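**Student:** Structure of the sequence below:
(one chain, ligands or ions: 1)
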Amino acid sequence: MYPAIIEEYLAPATVADALAAIAKHDGEATVFAGGMSVMQAIKARLIEARCVIDLGNIAELRGVSVGPDGAAIGPMTRYADLVRDKKLHGAYQALNDAASTVGDRQVRNRGTIGGSLCWNYIAACMPPTVLALDARIELTAPGGGKRTVPIGEFFLGALETVRRDEELMTKITLPAAKGKAGSSYKKWSTQVDGLPIIGVAVYIETDGSGVCTVARFAVGGILPIVKRSAAAEGQLVGTKASDADGIARATAAAAEELDPQGDRWVQAAYRKLLIQSLGGEVVAKAFERATGGAA
Ligand SMILES: Cc1cc2nc3c(=O)[nH]c(=O)nc-3n(C[C@H](O)[C@H](O)[C@H](O)COP(=O)(O)OP(=O)(O)OC[C@H]3O[C@@H](n4cnc5c(N)ncnc54)[C@H](O)[C@@H]3O)c2cc1C
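**Tutor:** Below you'll find the model as predicted:
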């Protein structure tokens, strides 16, 4: 299907100009990151975009920095750049994993982390990943007013977030690790390059002897909203990489607590098994990255 007529295409070079354009068009403008999801919606006429505001020229919205206070990621950072970014290794490495498994090469070259979080598709890879990394989302409104939302409060439901139509996502920040930290993400899908039936992201922090002191276990692809499992996290704290039984208990607790739904792709019971098997692999990888392989 052809899209309805787009009357105006704007490609501002600054956040201030983009926000001014959003305010000027008062609800008639559609923001465009990589276009990977929104363009499909425009073509299907689910969205009628009188004016498109393309964020692709705004350099201040791109890039990754990592320092003693944590990491800051521009929402226009593309998957292809996240895949290659070695600064994320260790504590934030789940982002490398997740970006490398999104779609195909074309999608990774165009799609952005911010676009994925703002779109909040039920099965996307980035929402569980940033949930496990305990991100904070900076939103900026026309006029420059900013607010920061903890990721646990950002996602409301399928394709819904707390972002107001006139706000731009301008930064994603991740806290610094207090101990040695590692994270990992893995998805399982029914086809190569497909969206995840289940995606699991795990963050592990350890003390000097390899014992887990902080755990975050997030699952996507199952429910209208991505979720963390407090039960799994409670079981993981105090375990070590070598404690296979403890890790198995944690992933079983996640499957039970998250109680995934069945749909036309797979049954609920199968998703529970996936949470356990994928979860075990992802926890092991996060431990390995946190401890450098020491049990
Ligand atoms: C063939 C194919 C396979 C895919 N496979 C996967 C997969 O395996 N895993 C996965 O996670 N995803 C997958 N996707 C989706 C892909 O991840 C998209 O990149 C993602 O949905 C976001 O697209 P985008 O960055 O191009 O954002 P766009 O489509 O341009 O925008 C998405 C939404 O976010 C809004 N938006 C974007 N940036 C901002 C901002 N800074 N501030 C405010 N609003 C903003 C837009 O207005 C729009 O509503 C796939 C897509 C395709 C086409």
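**Student:** quick one: the helices in this structure?
**Tutor:** In the chain, the helices defined using DSSP state H lie at 15-25, 38-43, 79-84, 93-101, 105-110, 113-119, 126-132, 151-154, 230-236, 244-258, 268-291.
**Student:** Please compute how far the last one lies from its chain's middle.
**Tutor:** If I follow you right, that is helix 268-291. From the chain centre to the centre of helix 268-291 is a distance of 17 Å (Cα atoms, centre = their mean, to the nearest Å).
**Student:** Which elements pack onto that helix?
**Tutor:** strand 180-188, strand 198-206, strand 212-220, helix 244-258 (3 or more Cβ pairs under 8 Å, 6 or more residues apart in numbering; DSSP states H and E). Heads up, the C-betas are built off the backbone N, CA and C, glycines and all.
**Student:** So for it, what gets flagged as buried?
**Tutor:** Within helix 268-291, the residues scored as buried using 16 or more other Cβ atoms under 10 Å are 271-272, 274-280, 282-291.
**Student:** Give me the neighbour count for the closest residue to G220 other than its chain neighbours.
**Tutor:** Excluding the flanking residues, the one nearest G220 by Cβ to Cβ, 6 or more residues apart in numbering is P128, at 3.6 Å. Neighbourhood size, P128 [other Cβ atoms under 10 Å]: 30.
**Student:** out of the helices of the chain, which comes closest to the ligand?
**Tutor:** helix 113-119 (2.1 Å; Cβ to the nearest ligand atom).
**Student:** That closest one close to the ligand?
**Tutor:** Yes: using Cβ under 6 Å from any ligand atom, helix 113-119 reaches the ligand at G114, G115, S116, C118, W119.
**Student:** out of those residues, what pair is the most spread apart?
**Tutor:** Using Cβ to Cβ, the residues of helix 113-119 next to the ligand span at most 9.4 Å, a distance reached by G114 and W119.
**Student:** pLDDT weak spots in this structure?
**Tutor:** 1, 192-193, 222, 294-295 (pLDDT under 70).
**Student:** Write out the residues of it neighbouring the ligand.
**Tutor:** So the chain meets the ligand at 30-38, 55, 75, 102-103, 107, 110-112, 114-116, 118-119, 121, 124-126, 168-169, 195 (Cβ under 6 Å from any ligand atom).
**Student:** K178 and V214 touch, don't they?
**Tutor:** Yes: using Cβ atoms under 8 Å, K178 makes contact with V214 at a distance of 7.4 Å.
**Student:** For these two, indicate the residue with more neighbours.
**Tutor:** Counted by other Cβ under 10 Å, K178 and V214 do not tie: V214 has more neighbours, with 18 against 10.
**Student:** For that one, which non-adjacent residue is closest in space?
**Tutor:** E205 (3.8 Å).
**Student:** burial count for the closest residue in space to K178 that isn't next to it in sequence?
**Tutor:** Nearest non-adjacent residue to K178, counting by Cβ to Cβ, 6+ apart: E205, 6.3 Å away. Using other Cβ under 10 Å, the number of residues around E205 comes to 20.
**Student:** what's the answer for E8, then?
**Tutor:** E8: 13 neighbours (other Cβ under 10 Å).
**Student:** Over to K43?
**Tutor:** Neighbours of K43 (other Cβ under 10 Å): 13.
**Student:** show me the contacts for the closest residue in space to D97 that isn't next to it in sequence.
**Tutor:** Using Cβ to Cβ, 6+ apart and skipping residues adjacent in sequence, the residue nearest D97 is Y185, 4.1 Å away. Y185 makes contact with 94-95, 97-98, 101, 125, 128-129, 132, 199-202, 282, according to Cβ atoms under 8 Å, 6 or more residues apart in numbering.
**Student:** my guess is the residue nearest to G220 contacts R216, does it?
**Tutor:** No: the pair P128 / R216 is not scored as a contact, 10.1 Å apart, by Cβ under 8 Å.
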